[in-house]
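Asks: quick one, what's the 3D model for this:
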Amino acid sequence: MRLTFLGTGSAMPTGERFQTGLLLETADKTLMIDCGSGALHGLARTQTGYEGADTILLTHHHLDHVSDLMPLMKARWLAGETELTVLGPDGTESLVTKLLDAHEYMQDRLDLTVRDIEPTPQSDPHEIAGFEVAAMETRHSMYCLAYRFESPDEAGPITFSADSEAFADLVEFADGSAVFVHDCSFPDEVDVSNHPTPEQLGRTLDEADAALGRVYLTHLYPHTDGKHEEMLSSLGNYYDGDVRIARDELSVDVSEN
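Replies: Sure, this is the predicted structure:
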């Protein structure tokens, strides 16, 4: 299973990072998670391209996670791709309906399947684009779901926190993951809620009862520029696991992680 970071930035563009988007692939399955501004360009840089991404899974509906959704629809239509499935938390069906109402010329251009999904435990996962996906609610300013994607081999799952404060239940949701992608939007000196700082995340990773492989920090605001090593050091004061800063176009094969 391969994870590619299409966008690792935030709602405040820097010119260096697109907004949130992830691409999950196996030999015969493809799933895009979130579709923020620029993520479509990131997708176009992959071999899969927007022609190959026919299922989009949203974590929540903040603009920096959904703003390329309509451009993706139009790109697929113009490329001759006729189908698209959009899934996400409660309100996703309403969101897509309203976007199409605002862009009437896009109505009926694609054979769309849109569905809201609910949190579900690992024992009863959703099947999405051929992946087994568990979901849990995060702690954010908008209703938001974290996702755990089971690996088809022995490499272990991939878990994405989406936007969230750091808390033990979320880390334990990722227990056993080969890759855990977690929001770390701001350095320690920023007083923030709904997102964690490195110290907050480090303490939570240390205190939670979870075995994790590599942790990638994402959703990076401009406030973090030039402070990545400082952030890793701060987090490392509490958690001694393998933690790295994610970057756009980084591709991780969990079988080699």
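
Asks: so which residues of this protein form helices?
Replies: 39-44, 63-66, 69-78, 92-102, 168-173, 198-207, 228-236 (DSSP state H).

Asks: okay, these in CSV with mean neighbour count, mean pLDDT and distance to residue 152 next?
Replies: All C-beta atoms are positioned from the backbone trio N, CA, C, and that covers glycine. Output for those, formatted as CSV (neighbours: other CB atoms under 10 Å; pLDDT from 0 to 100; distance: least, CB to CB, whole Å):
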stretch, mean neighbour count, mean pLDDT, distance to residue 152
helix 39-44, 23, 98, 22
helix 63-66, 22, 98, 26
helix 69-78, 18, 98, 26
helix 92-102, 15, 97, 26
helix 168-173, 19, 98, 20
helix 198-207, 21, 98, 27
helix 228-236, 16, 98, 31
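
Asks: reformat these as CSV; add distance to residue 220.
Replies: Written out in CSV, the entries for the helices of the chain read as follows (distance: least, CB to CB, whole Å):
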stretch, distance to residue 220
helix 39-44, 15
helix 63-66, 12
helix 69-78, 22
helix 92-102, 25
helix 168-173, 19
helix 198-207, 11
helix 228-236, 8
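
Asks: out of those, flag the one nearest residue 52.
Replies: Between residue 52 and the helices of the chain, the shortest separation by CB to CB is 8.7 Å, and it involves helix 39-44.

Asks: among the helices of the chain, which is nearest residue 221?
Replies: Of all the helices of the chain, helix 63-66 sits nearest to residue 221, with 10.4 Å by CB to CB.

Asks: export only the CA atoms of that closest one, formatted as PDB.
Replies: In PDB, the C-alpha atoms belonging to helix 63-66 read as follows (Å, rounded to 0.1, in the frame of the first residue of the first chain):
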ATOM      1  CA  LEU A  63     -12.600  25.000   2.500                       C
ATOM      2  CA  ASP A  64      -9.000  23.800   2.700                       C
ATOM      3  CA  HIS A  65     -10.200  20.200   2.400                       C
ATOM      4  CA  VAL A  66     -12.900  20.500  -0.300                       C
END
